[in-house]
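Undergrad: no FASTA, just this:
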């Protein structure tokens, strides 16, 4: 096993498998971060096998990437039960479906006031979780939005994809 620089441009020829590790992969489709990475990497290395080790994925992103030929290994796969306002949602299950419509109206109303494109999270994902270091944009913006004088409970930091080196200065764990 070889570990190489964190750039996809430096993969030695004798490496057969490329393994990518990520915290969350939630967005399915051509706008998703993993799709963009995979498309570029597959063009450069068409003969390599790709693996994604991910802490949390959505069922849609899992299926999408698997259909592209990426071997996805996910510790947690989110589905309709994890979406805040889904009919299958476990969030409101103790209340027998009460409050779902009102809570969704609230989230949509204030999500729009915050000024984000998707008031229920990126691609209207309806998730409601975050980490100590960041919150995915798939989470309801009422939790993380900082626009139009909205004060979030948790902050969201946009990733800097232009960095050419792996910076561990401010990371707690590697």
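TA: Looks like it came in fine. Given the structure is predicted, the values throughout are model-derived calculations rather than measurements. Numbers count the residues shown, from 1 in each chain.
Undergrad: rest of the way, CA atoms for contacts and neighbours
TA: Fine.
Undergrad: Just the buried positions in the lowest-mean-pLDDT helix or strand in the chain, please.
TA: In the chain, no helix or strand scores lower on mean pLDDT, DSSP states H and E than helix 33-44, which sits at a mean of 89. Under the neighbour-count criterion of 16 or more other C-alpha atoms under 10 Å, helix 33-44 has 34, 35, 38, 41 buried.
Undergrad: Nearest to residue 143 among those residues?
TA: Among the buried residues of helix 33-44, residue 34 lies closest to residue 143 (C-alpha to C-alpha), at 24.3 Å.
Undergrad: got a pLDDT number for the closest residue to that closest one other than its chain neighbours?
TA: Nearest residue to residue 34 in three dimensions, chain neighbours excluded: residue 25, at 7.1 Å (C-alpha to C-alpha, 6 or more residues apart in numbering). Per-residue confidence (pLDDT) for residue 25: 93.
Undergrad: any idea of the mean pLDDT for the helix or strand that the least confident helix or strand of the chain is followed by?
TA: Going down the chain from helix 33-44, the next helix or strand is strand 49-58, by DSSP states H and E. Averaging the model's pLDDT scores along strand 49-58 yields 95.
Undergrad: likewise stretch 134-152?
TA: 91.
Undergrad: Now do that stretch: distance from first to last residue.
TA: Stretch 134-152 has its terminal residues 12 Å apart, counting by C-alpha to C-alpha, to the nearest Å.
Undergrad: and it, which residues are buried?
TA: Within stretch 134-152, the residues scored as buried using 16+ other C-alpha under 10 Å are 135-146, 150.
Undergrad: Run the chain-centre distance for that stretch.
TA: Computed by C-alpha atoms, centre = their mean, to the nearest Å, the chain-centroid distance of stretch 134-152 equals 15 Å.
Undergrad: if we can go back for a sec, need the contact list for the residue nearest to residue 34.
TA: Applying C-alpha atoms under 8 Å, 6 or more residues apart in numbering, we find residue 25 in contact with 32, 33, 34, 54, 56, 57, 58, 61.
Undergrad: closest to residue 76 among these?
TA: residue 56 (4.7 Å).
Undergrad: Count the residues that sit near the closest one.
TA: 18 (other C-alpha atoms under 10 Å).
Undergrad: where do the helices sit along the chain?
TA: Taking DSSP state H as the test, the helices found in the chain are 33-44, 59-68, 100-114, 141-144.
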